[in-house]
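> Structure here, sequence nowhere to be found:
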């Protein structure tokens, strides 16, 4: 874990993260105060999981959601489970960070009474 502060006083992104994950690191460390080692570790865990999810998504995009086993039977692509598990790990780490986000503004989402009834 790289916990040393960068030029702006915020923690530097780990070198092992992808460019996309490093952009998220920069954005999140600029928007939120992550002033303890546990928060920095949780952010790193979230973004490592993000990278794992992206890698597995690439495999699924190339091979498809299903594959044939040695008997020629269709099975779920194991990479699909990696996508699921990495996404869950990422979301759990973000939830554990307990970032203080702004509540939704009025007018966002569906207006009251717009749900279809029937």
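That came through, no problem. From a predicted model like this one, the values you see are computed outputs, not experimental measurements. Residues are numbered from 1 along each chain as shown.
> so which strand or helix has residue 46?
In this assignment (DSSP states H and E), residue 46 forms part of helix 37-63.
> And residue 58, what's its pLDDT?
On pLDDT, residue 58 comes in at 97.
> Find the nearest non-adjacent residue to residue 83, please.
residue 56 (4.4 Å; CB to CB, 6 or more residues apart in numbering). The C-beta positions use only the backbone N, C-alpha and C, and glycine is treated the same way.
> which stretches of this structure have low pLDDT?
1-8, 100-118 (pLDDT under 70).
> just the strands in it please.
66-68, 74-76 (DSSP state E).
> just so I know, which of the ones you listed lies nearest residue 40?
Of all the strands of the chain, it is strand 74-76 that lies closest to residue 40, at 35.1 Å by CB to CB.
> Sheet-wise, list the partners of the closest one with their directions.
strand 66-68 (antiparallel) (DSSP bridges).
> This protein: helices as residue ranges?
For the chain, the helices defined by DSSP state H cover 19-31, 37-63, 78-97.
> Out of these, flag the one nearest residue 13.
The nearest among the helices of the chain, by CB to CB, is helix 19-31 at 3.9 Å.
> So which bits of the closest one are buried?
For helix 19-31, a neighbour-count test (16 or more other CB atoms under 10 Å) marks 21, 22, 24, 25, 28, 29 as buried.
> tell me the angle that helix makes with helix 37-63.
150 degrees (axes from the mean of the first three to the mean of the last three CA atoms, to 10 degrees).
> now the helices of the chain as JSON lines including distance to residue 72?
As requested, the helices of the chain are exported to JSON lines (distance: least, CB to CB, whole Å):
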{"stretch": "helix 19-31", "distance to residue 72": "37"}
{"stretch": "helix 37-63", "distance to residue 72": "16"}
{"stretch": "helix 78-97", "distance to residue 72": "17"}
